[in-house]
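Trainee: quick one: sequence plus predicted model below, questions after.
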Amino acid sequence: MATIGFIGLGNMGAPMAANLVKAGSHVRGFDLAAASRDASARDGVQIVASARSALEDAEVVITMLPGGEQVLSVWDDIISAARQGTLFIDCSTIDVASARKAHALAAARGIATLDAPVSGGVGGARAATLTFMVGGSAHAFARGKPVLERMGKRIVHCGEAGNGQAAKICNNLILGASMIAVSEAFVLGEKLGLSHQALFDVASASSGQCWSLTSYCPVPGPVPTSPANNDYKAGFTAALMLKDLKLAAAAADSVGARTALGAHAAEIYQSFAERGEAAKDFSAIINFVRAQLEKC
């Protein structure tokens, strides 16, 4: 039975680690938060005393951390304790530059690495239906893919080191902007006397069709599984969407690209978060759109 070290047992990491256990892996896990450690222990994860301890006998080490600073700090601390042949996979969503620094840090020690951020939210993590966007060598990808397949249903090799992060932030730039556009359309429809269901029935089968509409509709009713039907309890928080849009803006600046819609979407989510709504699902942005229209 393969041993996997898992560092970062938060909202996403915990169900991912649990799915590895269900698939037959022995998972040695660590998190700074006692509540997270306790929850993962109930899921069959062997909780260890430190991040370094998670590496013991591990063939694969997975990190799922809040940002680039944390990833670099943890990798710098633990890589010297890794045995040759260990594969490091970072599933955090971080900036491309930090991801490439992490790859380089490991390469200097002869450690194979992948950056493999995810899409699918907490629901996808629990159901093992995540999409992984993976950067790294073809050889490392071939080694890591069977592990990632235990936690997701779509594993895409995006190219060289850091390209998984590049794909993630480009995808979420589309998602953040499209959710605002869908929200604006529904609010406009309300003002024009159009029912939510009528607009959904038309747009979902016409040129306005997109994931933000058909899978994550921001109004209650048309898509029963969307957060709109559960008081916008987060599958993916507005705070995380804002984080990803800021990462996209930073990446655009680094290569001299202009992403005007992404930048404006970030401003809208920033204003929403400043109203105390950062913990809501990002689709709750429709409430901000509606409130802004009422001011006009």
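Mentor: Nice, I can see it.

Trainee: and the longest helix for the chain?
Mentor: helix 163-191 (DSSP state H).

Trainee: flag every buried residue along the helix or strand just after that helix.
Mentor: Next along the chain after helix 163-191, taking DSSP states H and E as the criterion, comes helix 196-203. Neighbour counts using 16 or more other C-beta atoms under 10 Å place His196, Leu199, Phe200, Ala203 of helix 196-203 among the buried residues. In this view, the C-beta of every residue, glycine as well, is placed from N, C-alpha and C.

Trainee: closest to Pro117 out of the residues you listed?
Mentor: Using C-beta to C-beta, Ala203 comes nearest to Pro117 of the buried residues of helix 196-203, at 29.1 Å.

Trainee: who touches stretch 269-278?
Mentor: The contact list for stretch 269-278 (C-beta atoms under 8 Å, 6 or more residues apart in numbering) reads Gly176, Thr237, Ala238, Ala239, Met241, Leu242, Leu245, Phe282, Ala284, Ile285, Asn287, Phe288.

Trainee: repeat the analysis, applying 10 Å as the threshold.
Mentor: 176, 179-180, 232, 234, 237-246, 279-280, 282, 284-285, 287-289, 291-292 (C-beta atoms under 10 Å, 6 or more residues apart in numbering).

Trainee: now do the longest helix of the chain: distance to the chain's middle.
Mentor: Its chain's C-alpha centre and that of helix 163-191 lie 15 Å apart, by C-alpha atoms, centre = their mean, to the nearest Å.

Trainee: need the helices for the stretch 1-150 of the chain, in chain order.
Mentor: Ranges of helices within the stretch 1-150 of the chain are 13-22, 34-42, 68-78, 96-107, 121-127, 138-148, based on DSSP state H, counting those that start in this stretch.

Trainee: and the ones you listed, which one is worst for confidence?
Mentor: For those, the weakest mean pLDDT is recorded on helix 121-127, namely a mean of 91.

Trainee: can I get the CA coordinates of that helix in PDB?
Mentor: Provided in PDB are the C-alpha atoms of helix 121-127 (Å, rounded to 0.1, in the frame of the first residue of the first chain):
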ATOM      1  CA  GLY A 121     -14.600  23.300  -5.200                       C
ATOM      2  CA  VAL A 122     -15.400  21.500  -2.000                       C
ATOM      3  CA  GLY A 123     -18.100  19.500  -3.600                       C
ATOM      4  CA  GLY A 124     -15.700  18.200  -6.300                       C
ATOM      5  CA  ALA A 125     -13.100  17.400  -3.600                       C
ATOM      6  CA  ARG A 126     -15.600  15.400  -1.600                       C
ATOM      7  CA  ALA A 127     -16.900  13.500  -4.700                       C
END
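
Trainee: which positions within it qualify as buried?
Mentor: Neighbour counts over helix 121-127 (16+ other C-beta under 10 Å) mark Gly121, Val122, Gly124, Ala125, Arg126 as buried.

Trainee: in terms of helices and strands, where is Ala234?
Mentor: If you go by DSSP H and E, Ala234 is not part of any helix or strand.

Trainee: so what does the nearest residue to it once chain neighbours are set aside look like in phi/psi?
Mentor: Computed as C-beta to C-beta, 6 or more residues apart in numbering, the closest residue to Ala234 that is not its neighbour in sequence is Asp281, at 4.3 Å. Dihedral angles of Asp281 (phi, psi; degrees, to the nearest 10) stand at phi -60, psi 150.

Trainee: Asp281 contacts Cys217, doesn't it?
Mentor: No - contact criterion C-beta atoms under 10 Å: Asp281 and Cys217 do not qualify, at 11.8 Å.

Trainee: which residues do those two both contact?
Mentor: Here Asp281 and Cys217 share the contacting residues Met179, Ser226, Pro227, Ala228, scored by C-beta under 10 Å, 6+ apart.

Trainee: most neighbours of all those, which one?
Mentor: Counting neighbours by other C-beta atoms under 10 Å, the top entry in those is Met179, with 29 neighbours.

Trainee: let me see the domain layout of the chain.
Mentor: 3-161, 166-295 (automatic domain parsing).

Trainee: any stretches of the stretch 151-296 of the chain with poor pLDDT?
Mentor: The stretch 151-296 of the chain contains residues with pLDDT under 70 at 296.

Trainee: and the furthest pair within the buried residues of helix 121-127?
Mentor: Gly121 and Arg126 (9.2 Å).

Trainee: overlap in contacts, these two.
Mentor: When contacts are counted by C-beta under 10 Å, 6+ apart, Gly121 and Arg126 are jointly contacted by Asn11, Met12, Gly235.
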